[in-house]
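Undergrad: 3D model of this:
(one chain, ligands or ions: 2)
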Amino acid sequence: MASATTSTTLSLLKTTASTTSSSASRSSASLIRLPSTRRHLKSSPLIHSLGFSSAASGDSLLSLHVSSKVRSFKGKGSRGVVSMAKKSVGDLTAADLKGKKVFVRADLNVPLDDSQNITDDTRIRAAIPTIKHLIQNGAKVILSSHLGRPKGVTPKFSLAPLVPRLSELLGIQVVKADDCIGPEVEKLVAALPEGGVLLLENVRFYKEEEKNEPEFAKKLASLADLFVNDAFGTAHRAHASTEGVTKFLKPSVAGFLLQKELDYLVGAVSSPKRPFAAIVGGSKVSSKIGVIESLLEKCDILLLGGGMIFTFYKAQGLSVGSSLVEEDKLELATSLLAKAKAKGVSLLLPTDVIVPASAIPDGWMGLDIGPDSVKTFNEALDTTQTIIWNGPMGVFEFDKFAVGTEAIAKKLAELSGKGVTTIIGGGDSVAAVEKVGVADVMSHISTGGGASLELLEGKELPGVIALDEAVPVAV
Ligand code: ADP
Ligand code: MG
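TA: Numbers count the residues shown, from 1 in each chain. Ligands and ions are numbered 1, 2, ... in the order given. Presented below is the predicted three-dimensional model:
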């Protein structure tokens, strides 16, 4: 292992280059982000030497000795009890809820196919525990969500296709309103029995929703007695149904899903069982500055992958070929490396990358981490008790560049089975873990891409701040 992590001369492992065009050359949203390199994606990948020589050999950050490093973590402290600062729906009993009209904002923004079939019901399932708690305690649930990005009333973004699945999962017939405010909705609310659920129409059919207009928020709030926010996926936005309604409804509390997200993405990250590793990947360093800076304050090991690594390489004077480099972020990369060093964080960069074969004549372009890097990263992860992962290791949308990401996903799955806390945040990272089929074994898979990123950056979410504080409990 020592040799793997201290070596700066990287292996060149050739595979047979295919002469036929791969699917990678024909279609990919992600490749659109790499216009200058797209034309090269014509054949099978090679695992390519990065060509590092003396330039890197003197840099201890590229050649950290993980095993000796992690031994020193012992006794650095363990995760304390996480206390939620916000009042939770779990604090509300039958005495608080029976006969009460509860406005529940959930994130039911599920993907639908052209025939309006739900292709992934994760978000509906995630919303069920809160709704069940409410109906079991005799509340009348007024359920609100957005779906897609409608411009005004758009039938294709109606919440109607969600009713059968919601009803099935709740074990009751959910009633659907054709609007989210107004006299017709008020009539349906008045007719709602205790333990009943009324699903309001897409709240974004009104532009006032995203503008957080107080008059609109007041109309929504007038339907109910109290508020539960369980829409983690939109908690980073101050919208009428997430933030505006809290001005008119008391109490305003967190749902179980929102609470779980905060517990892991804030609680487990700020007081982790150590050693604590953060894995950060994705395409650009510019989109991950906040995440890296924030996690550097908390983690013991930082593993970097994805397209951003080339900015770090270049910052150290290494050649990066045609790979993705953000020239204006070179100084930042240097300062992040220095910060890691100053904080005693083991920062590991991949030592080998996968490139498309035909890119070689024009230089090279790294689209995945290679097997040496996977080995080194796995060895580092083996020493940890908590792992947070945000950002894929490679362009995982293509199978040939998904190997590194898959290997890391499998490692986290294995470690989850051994009691390591594993947390996955970020839309693409979650998709990657789901693609590998190991999502279920992770400690926590975040349901909100943008919201989870903001939490990892250490930001507070408007949809959370607006909720009532938890009553302090003496310990
Ligand atoms: P998340 O949604 O989990 O926060 P990001 O959106 O930051 O993750 O990053 C995901 C994207 O990063 C994917 O589309 C993936 O193709 C891209 N990516 C990963 N590695 C590379 C690379 N080496 N070069 C270019 N893009 C990459
Ligand atoms: Mg993403």
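Undergrad: contacting residues around the residue lying closest to residue 160 once chain neighbours are set aside?
TA: Nearest residue to residue 160, sequence neighbours excluded (C-beta to C-beta, 6 or more residues apart in numbering): residue 176, at 5.9 Å. Where C-beta positions appear, they are placed from N, C-alpha and C, glycine not excepted. Residue 176 is in contact with 159-160, 163, 198-199, 201, counting by C-beta atoms under 8 Å, 6 or more residues apart in numbering.
Undergrad: mind checking which of those residues are buried?
TA: 159, 163, 198-199, 201 (16 or more other C-beta atoms under 10 Å).
Undergrad: keep only those of those that are in helices.
TA: residue 163 (DSSP state H).
Undergrad: can you map out the strands along the stretch 101-250 of the chain?
TA: Using DSSP state E, counting those that start in this stretch, the strands of the stretch 101-250 of the chain run over 101-105, 140-144, 175-176, 197-199, 226-229.
Undergrad: which SSE is residue 278 in?
TA: strand 276-280 (DSSP states H and E).
Undergrad: what's the answer for residue 408, then?
TA: Assessed by DSSP H and E, residue 408 sits inside helix 403-417.
Undergrad: and ligand 1, is that helix touching that?
TA: No: using C-beta under 6 Å from any ligand atom, helix 403-417 stays clear of ligand 1, coming no nearer than 7.9 Å.
Undergrad: from the chain's centre, how far out does the helix or strand just after that helix sit?
TA: Note on helix 403-417: by DSSP H and E, the next helix or strand toward the C-terminus is strand 421-424. Taking C-alpha atoms, centre = their mean, to the nearest Å, one finds the center of strand 421-424 at 11 Å from the center of the full chain.
Undergrad: what's next to strand 421-424, contact-wise?
TA: Contacts for strand 421-424 (C-beta under 8 Å, 6+ apart): 79, 264-265, 268-269, 272-273, 385-390, 412-413, 415-416, 430, 433, 439, 442-446.
Undergrad: recalculate using a threshold of 7 Å.
TA: Strand 421-424 is contacted by residues 264-265, 268, 273, 385-389, 412, 415-416, 430, 433, 442-446 when judged by C-beta atoms under 7 Å, 6 or more residues apart in numbering.
Undergrad: please list only the buried members of the residues you listed.
TA: Buried among these by 16+ other C-beta under 10 Å: 264-265, 268, 273, 385-389, 412, 415-416, 430, 433, 442-446.
Undergrad: what residues does the chain have near ligand 2?
TA: 427-428 (C-beta under 5 Å from the ion).
Undergrad: center of the chain, which residue is that?
TA: Geometric centre of the chain, nearest residue: residue 426, 2.0 Å, by C-alpha atoms, centre = their mean.
Undergrad: how does the chain divide into domains?
TA: 2-77+271-456, 89-258 (automatic domain parsing).
Undergrad: count the neighbours of whatever residue of the stretch 201-350 of the chain ends up closest to ligand 1 for me.
TA: The minimum distance from the stretch 201-350 of the chain to ligand 1, using C-beta to the nearest ligand atom, falls at residue 282 (2.5 Å). Neighbour count of residue 282, defined by other C-beta atoms under 10 Å: 21.
Undergrad: circling back to that earlier point, quick one: strands adjacent to the strand holding residue 278?
TA: Strand pairing for strand 276-280, using DSSP bridges, gives strand 301-304 (parallel), strand 386-390 (parallel).
Undergrad: then it to PDB, C-alphas only?
TA: Below are the C-alpha coordinates for strand 276-280, written out as PDB (Å, rounded to 0.1, in the frame of the first residue of the first chain):
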ATOM      1  CA  PHE A 276     -14.300  10.500   8.900                       C
ATOM      2  CA  ALA A 277     -13.700  10.500   5.100                       C
ATOM      3  CA  ALA A 278     -15.300  12.800   2.600                       C
ATOM      4  CA  ILE A 279     -15.300  11.800  -1.100                       C
ATOM      5  CA  VAL A 280     -15.900  14.700  -3.500                       C
END
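Undergrad: what lies in contact with it?
TA: 288, 291-292, 295, 298-305, 380-381, 384, 386-391, 408.
Undergrad: cool, stretch 447-466 as well?
TA: For stretch 447-466, the surrounding residues in contact (C-beta under 7 Å, 6+ apart) are 86, 107, 122-123, 126, 229, 231-238, 242-243, 246, 252, 257, 261-262, 265-266, 290-291, 294-295, 390, 425-427, 446.
Undergrad: backbone dihedrals for residue 90, please?
TA: Note on residue 90: its backbone torsions stand at phi -70, psi -20 [degrees, to the nearest 10].
Undergrad: OK, contacts around the spatially closest residue to residue 382 that is not a sequence neighbour?
TA: Excluding the flanking residues, the one nearest residue 382 by C-beta to C-beta, 6+ apart is residue 415, at 7.4 Å. By C-beta under 7 Å, 6+ apart, the residues touching residue 415 are 381, 387, 422.
Undergrad: between these, which is closest to residue 103?
TA: residue 422 (34.0 Å; C-beta to C-beta).
Undergrad: for this structure, give me the ranges with low pLDDT.
TA: 1-84, 357-363, 472-475 (pLDDT under 70).
Undergrad: in it, what residue comes closest to ligand 2?
TA: Using C-beta to the ion, the single residue of the chain nearest to ligand 2 is residue 428, 3.9 Å away.
Undergrad: which element is that residue on?
TA: Element membership for residue 428, per DSSP H and E: helix 427-436.
Undergrad: how about whichever helix or strand comes after that helix, does it reach ligand 1?
TA: Toward the C-terminus, helix 427-436 is succeeded by strand 444-445 as the next helix or strand (DSSP H and E). No: using C-beta under 6 Å from any ligand atom, we find that strand 444-445 stays clear of ligand 1, coming within 11.3 Å at best.
Undergrad: the helix or strand following strand 444-445 to strand 276-280, inter-axis angle?
TA: Going down the chain from strand 444-445, the next helix or strand is helix 449-456, by DSSP H and E. Put simply, helix 449-456 runs at 140 degrees to strand 276-280, going by axes from the mean of the first three to the mean of the last three C-alpha atoms, to 10 degrees.
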